[in-house]
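Colleague: Quick one, what's the 3D model for this:
(chains A, B, C and D)
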There are 2 protein chains.
Amino acid sequence: MPPTTGLRARLRAELTTEIKDEARRQLAAEGAPGLSLRAVTRSLGMASSAIYRYFPSRDDLLTALIVDAYDAVGAAAEEADAGVAPDDFGARWRAVGLAVRAWSLANPHEYALVYGSPVPGYRAPPDTVGPASRVTLVMARLIDGAARAGVLDDPPWTPTLPPIGVELRASVRTLVDLAFPNVSDEVAVRAVAAWTQLFGIISFELFGHFHNVIDEVSPVFDRSLLEMGRLVGLSAPRSSSGPTVDVSSAGPGVGDEVPPDGEDEFWHLV
Amino acid sequence: MPPTTGLRARLRAELTTEIKDEARRQLAAEGAPGLSLRAVTRSLGMASSAIYRYFPSRDDLLTALIVDAYDAVGAAAEEADAGVAPDDFGARWRAVGLAVRAWSLANPHEYALVYGSPVPGYRAPPDTVGPASRVTLVMARLIDGAARAGVLDDPPWTPTLPPIGVELRASVRTLVDLAFPNVSDEVAVRAVAAWTQLFGIISFELFGHFHNVIDEVSPVFDRSLLEMGRLVGLSAPRSSSGPTVDVSSAGPGVGDEVPPDGEDEFWHLV
DNA sequence: TCCTTATTGTGATCACTGCTCTCGTTAGTG
DNA sequence: CACTAACGAGAGCAGTGATCACAATAAGGA
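Modeller: Take a look at the predicted model:
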């Protein structure tokens, strides 16, 4: 009995992945603007026009690479999240953040492809939104899970801020309904801030905006991850493991000078 | 004595700005990848080779546009900062943030040029670092100024976080020395977080990552501006000039030809 | 088994790009 | 006035994305 995938379909699938692999190689070497269809076909030993049998245009090839990149970073985030104790929400948040940054540093051009400037006139097909939201959903699920578990601290300093207005409530309505059913509007907007901060600092690092400002980003990233987690109400990780740890090993007493004003209160504002 | 600016130099300066203006027009219409030297010369009625008398390569023209963009957003930030009472640091922070977002929404392609994915292999000339740091310096000066004035609140929840380690202190050393002489390391790293959050949320909005997540970003942006200001110790603005930014000019940009698909966005990624 | 059909690879070709070169022309300077 | 450096124009090169007609071939129905 012949398999449902004939010989032609198998060859087509193989060549498709081969094209994508070669394209990804060129992407990593030259970046998105340097991705040339003709160079891909040249490397694969085929005619320059043959590639259009598999990808109708350059944008379609880029779309495939975008979907793969979203899937890759999403898988990295999910895997990191699954590798930590499920009830240690602070550690999960940190692990996801570190994983996203690690993937981004390892695949800078693919990161730029999905989180950098979009190609003008390029219309994202609907099949990109699924992979695109994987890493977002990981973070949202973990924050909302902490809230449902009742271990999400009340948002600090909230009483010192003006109450949330109707416009803001309307803006985050779909977000709250979709991903944050157990979370207040206040925490939801803070989650957006933490989410965008994460990618903001990664983009700045990758795109060179830290030159002459910060040389070693790892400690700063780890710390702001902690701060952002604290912002949304996540407590510090119980178990911290990772490439740039050292936060729990503050025993030597070197780094633990008293804060400038010697505050010993817990929250002196709330 | 002949004037230092002869007739030839004057014509050269005029044509240079004319080229840049036309290039900026094409940039706003088609984006950076669609910027064509030949199209620019065509619009100006000159030979295609003549433009190389003024800009040795396409990258040099882009560099000029980058410098101008940095200067424009820097000037917008400085102007907004100067338009608020100097001792109302919360209002200054908010004004600067709103101004940066307003400029970005009004000039999306120029924003993408400077804060989006950099051109691979493109090395920023040293004359870009000056304009590039204008908006950063505005924010740093205002935070440090609040600290020097003694009105910067102590960082909230600091005692609940592990103390700052030696690595983190070393990472922000140059930053603290350079821009935050009156601020603790704790606040300095929070300033970095707030800074990157600001551009992270703007990038997400402009690059389409809020689709199906947040429809009206203005209230969320304003709120997270408040949260980030609070994070670094700035108190809420005493005078708030307006609840939301004016986004009337935020639509399809300036040179808004209708895209072939009848879409309402100028670029479509995710 | 045969024959039709759809799919695939190929080379030619088009319009376009950034960029270089040469060749007259002209403004600025001694 | 003469000379040099800057300038504009045109031809040309190598490369690009994309389209086309044409030949070869696998797939599937009669």
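Colleague: For the stretch 151-270 of chain A, which segments count as helices?
Modeller: Using DSSP state H, counting those that start in this stretch, the helices of the stretch 151-270 of chain A run over residues A:166-171, A:173-179, A:185-206, A:217-232.
Colleague: and residue A:153, which of these is closest to it?
Modeller: Nearest of the helices of the stretch 151-270 of chain A to residue A:153, taken as Cβ to Cβ: helix A:217-232 at 8.2 Å. Backbone N, C-alpha and C define where each C-beta goes, glycine included.
Colleague: Show me which positions of that closest one end up buried.
Modeller: Buried positions in helix A:217-232, judged by neighbour count with 16 or more other Cβ atoms under 10 Å in any protein chain shown: A:217-232.
Colleague: Does it reach chain B?
Modeller: Yes. On the criterion Cβ under 8 Å from any Cβ of the partner chain, helix A:217-232 is in touch with chain B at A:217-220, A:222-224, A:226-228, A:230-231.
Colleague: correct me, but residue A:108 touches residue A:205?
Modeller: No. Counting by Cβ atoms under 8 Å, residue A:205 is not a contact partner of residue A:108; they are 9.6 Å apart.
Colleague: which residues does the closest residue to residue A:161 other than its chain neighbours contact?
Modeller: With Cβ to Cβ, 6 or more residues apart in numbering or on different chains as the criterion, residue A:161 has its nearest non-adjacent residue at 6.3 Å, and that residue is residue B:226. Counting by Cβ atoms under 8 Å, 6 or more residues apart in numbering or on different chains, residue B:226 touches A:161-162, B:94, B:236.
Colleague: try it again with 10 Å
Modeller: Residue B:226 sits next to A:161-162, A:189, A:193, B:90, B:93-94, B:97, B:234, B:236-237, B:240 when contact means Cβ atoms under 10 Å, 6 or more residues apart in numbering or on different chains.
Colleague: cool, residue A:186 as well?
Modeller: Contacts for residue A:186 (Cβ under 10 Å, 6+ apart) come out as A:154-155, A:158, A:161, A:163-164, A:168, A:172, A:232-233, B:223, B:227.
Colleague: can you list those residues in JSON lines and add pLDDT?
Modeller: Formatted as JSON lines, these follow (pLDDT from 0 to 100):
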{"residue": "A:154", "pLDDT": "83"}
{"residue": "A:155", "pLDDT": "74"}
{"residue": "A:158", "pLDDT": "72"}
{"residue": "A:161", "pLDDT": "85"}
{"residue": "A:163", "pLDDT": "91"}
{"residue": "A:164", "pLDDT": "92"}
{"residue": "A:168", "pLDDT": "97"}
{"residue": "A:172", "pLDDT": "97"}
{"residue": "A:232", "pLDDT": "96"}
{"residue": "A:233", "pLDDT": "95"}
{"residue": "B:223", "pLDDT": "97"}
{"residue": "B:227", "pLDDT": "96"}
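Colleague: Check these for burial and list the buried ones.
Modeller: Burial by neighbour count, 16+ other Cβ under 10 Å: within the contacts of residue A:186 this picks out A:155, A:158, A:164, A:168, A:172, A:232-233, B:223, B:227.
Colleague: DNA strand C is nearest to which of the helices of the stretch 151-270 of chain A?
Modeller: Nearest to DNA strand C, of all the helices of the stretch 151-270 of chain A, is helix A:185-206, at 24.2 Å by Cβ to the nearest atom of the strand.
Colleague: Show the average pLDDT along the closest one.
Modeller: Taken as a whole, helix A:185-206 has a mean pLDDT of 97.
Colleague: Up against DNA strand D, what does the stretch 151-270 of chain A have?
Modeller: Within the stretch 151-270 of chain A, not a single residue sits near DNA strand D (Cβ under 7 Å from any atom of the strand).
Colleague: so which helix or strand takes in the closest residue to residue A:89 other than its chain neighbours?
Modeller: Closest residue to residue A:89 apart from its sequence neighbours, by Cβ to Cβ, 6+ apart: residue A:146 at 3.9 Å. Using DSSP states H and E, residue A:146 sits within helix A:134-148.
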